[in-house]
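Novice: can you look at this prediction? I've put the sequence above it.
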Amino acid sequence: NEFLFKICFGGGKKSEPISKPGLAILGADVLDSSGLGNLDIDQLETLLAGNKISIRFEINDNYFAFSGSGDPKEAELIFQLIYHYLNDPGYRIEAMALTKKRYKQRYDSLTRTPEGIMLTKGNLFLAGNDPRFGLPHPDTMNAYTLTDIKKWLSPHFQNSPVEVSIIGDFDEENMIGLASKYMGALRKRKNFPNKFRPMEKIIFPKGKQLELKLETKINSGVVRVVFLTDDFWDISQTRQLSVLSRVFSERLRLSIREDLGASYSSYAYNNPSRIFENYGVLHVVANVKPGKHRFIYNKIKDIVDSILMDGITKKETNLVLKPFLNHLKVIRKTNGYWLNSVMANASTYPEKFDWANTIIQDYHAITQTDLILLARKYLNMGDSALIVVKPRDRAE
């Protein structure tokens, strides 16, 4: 008695004006809080009271979307909502004011946590201070107007082709009929674009170091060693890098636990870009006590040297693959996986269906030799970037 839907259109975050970094953050929240042109959010919620419907606007890297869920009996009402959102989205000044206020509160709180300061400043550093990374200062956001958001988003709402993805419990013929009735009534739109592969290069800070100071009373910090990898679109390599990260995480966990105790958390992960060509970053992260930053950095270096010199065993490859494969088998049975990871934006990237069909066998086929070759390609300590997070000295 429920189905999920995702209506994808337009260019998403990659189309954000270069001169207005952070506009996507404001745009997503403003539209989500504005309702329709003729109905504000309170009026809309009153009209929908008692209906089993959720709908929200989101801005992803490669597309905009209206997504949500509903009872199959209310499918026509949902299509009516989508039709009106695409034709008459709300842009309300009170939603803008509230969004800016919430953003400042969030920004201020982020400066007090290691994860937060990475979002505000660390990611900016790792992209060579490209303003499209990181989170802008609230003063930058306060300068934006509703006109800025509307000027950016309106052409996408009016002209972009629309992709409808639906999964769950519903009558297929009825749903196709409703999609035809309401989506077919939209004004004539452009064709789906060719794949977007930007040519600009992100300048990774090879060999550089950044020290960040936290506004916190907690006497601990973070060491983060980061390696430049690659973008998302070589899917076999992306999958292998995710496994290499898990091997690294396991070695790091064992090494630090033996020397410093289980209270120290550490992990590694690869974050490949879907927007910027040849740009991805593999993070190695360890929480540390004061005075242990250099010690932990050397531990990370020892693990890299060990992988490059001694290799990776079949046993440890299988050790990380087995639980990961079990996890994949579980999530492949969920509607959320198929909707968000496979179906969404498949009109531009139809190969995502093939990727879904090969994901289990691809991970099964990964060997320690694959991982060693990737490690030799990307895990170069001399080319890595180092971010050290420390609590600010109260005397500063």
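Specialist: Right, received. Where do you want to start? The shown structure was predicted, so the numbers you read here are calculated from the model rather than taken from an experiment.
Novice: please enumerate the strands of the protein.
Specialist: With strands called from DSSP state E, the chain shows them at 3-9, 53-59, 64-70, 162-168, 209-214, 221-228, 266-272, 280-288, 385-391.
Novice: tell me the angle of the last one relative to strand 221-228?
Specialist: With axes from the mean of the first three to the mean of the last three C-alpha atoms, to 10 degrees as the basis, strand 385-391 and strand 221-228 are set at 160 degrees to each other.
Novice: in a markdown table: the strands of the chain, plus mean neighbour count.
Specialist: C-beta coordinates here come from the backbone N, C-alpha and C atoms, glycine included. Converted to a markdown table, the strands of the chain look like this (neighbours: other C-beta atoms under 10 Å):
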| stretch | mean neighbour count |
| --- | --- |
| strand 3-9 | 23 |
| strand 53-59 | 16 |
| strand 64-70 | 21 |
| strand 162-168 | 19 |
| strand 209-214 | 16 |
| strand 221-228 | 23 |
| strand 266-272 | 20 |
| strand 280-288 | 22 |
| strand 385-391 | 21 |
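Novice: tell me which of those lies nearest to R187.
Specialist: Ranking the strands of the chain by proximity to R187 (C-beta to C-beta) places strand 162-168 first, at 10.7 Å.
Novice: which neighbours does that closest one have in its sheet, and in what orientation?
Specialist: strand 3-9 (antiparallel) (DSSP bridges).
Novice: compare the strands of the chain and report which one is nearest to S347.
Specialist: Minimum separation from S347 across the strands of the chain (C-beta to C-beta) falls at strand 162-168, 4.4 Å.
Novice: run through who's touching that closest one.
Specialist: For strand 162-168, the surrounding residues in contact (C-beta atoms under 8 Å, 6 or more residues apart in numbering) are 2-9, 69, 72, 86, 175, 179, 183, 186, 189, 192, 335, 338-339, 343-347.
Novice: how close does N38 get to R92?
Specialist: Separation of N38 from R92 (C-beta to C-beta, to the nearest Å) stands at 12 Å.
Novice: between these two, point out the one with more neighbours.
Specialist: More neighbours surround R92 than the other of N38 and R92, with 17 against 10 (other C-beta atoms under 10 Å).
Novice: and the nearest residue to the more buried one once chain neighbours are set aside, what does it touch?
Specialist: Using C-beta to C-beta, 6 or more residues apart in numbering and skipping residues adjacent in sequence, the residue nearest R92 is S34, 4.2 Å away. By C-beta under 8 Å, 6+ apart, the contact set of S34 is 40-41, 89-92, 95.
Novice: could you tell me which of those residues count as buried?
Specialist: Neighbour-count burial (16 or more other C-beta atoms under 10 Å) applied to those gives 40-41, 89-92, 95.
Novice: would you format those residues as JSON lines with pLDDT included?
Specialist: Output for those, formatted as JSON lines (pLDDT from 0 to 100):
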{"residue": "D40", "pLDDT": "92"}
{"residue": "I41", "pLDDT": "93"}
{"residue": "P89", "pLDDT": "96"}
{"residue": "G90", "pLDDT": "95"}
{"residue": "Y91", "pLDDT": "96"}
{"residue": "R92", "pLDDT": "96"}
{"residue": "A95", "pLDDT": "96"}
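Novice: tell me the bridge partners for the nearest residue to S54 once chain neighbours are set aside.
Specialist: In space, and not counting its chain neighbours, S54 is closest to G68: 4.3 Å by C-beta to C-beta, 6+ apart. On the basis of DSSP bridges, G68 is bridged to F5, I55.
Novice: is it true that G68 touches K52?
Specialist: No: under the criterion of C-beta atoms under 8 Å, G68 is not in contact with K52, lying 10.6 Å apart.
Novice: state the pLDDT value of F324.
Specialist: On pLDDT, F324 comes in at 94.
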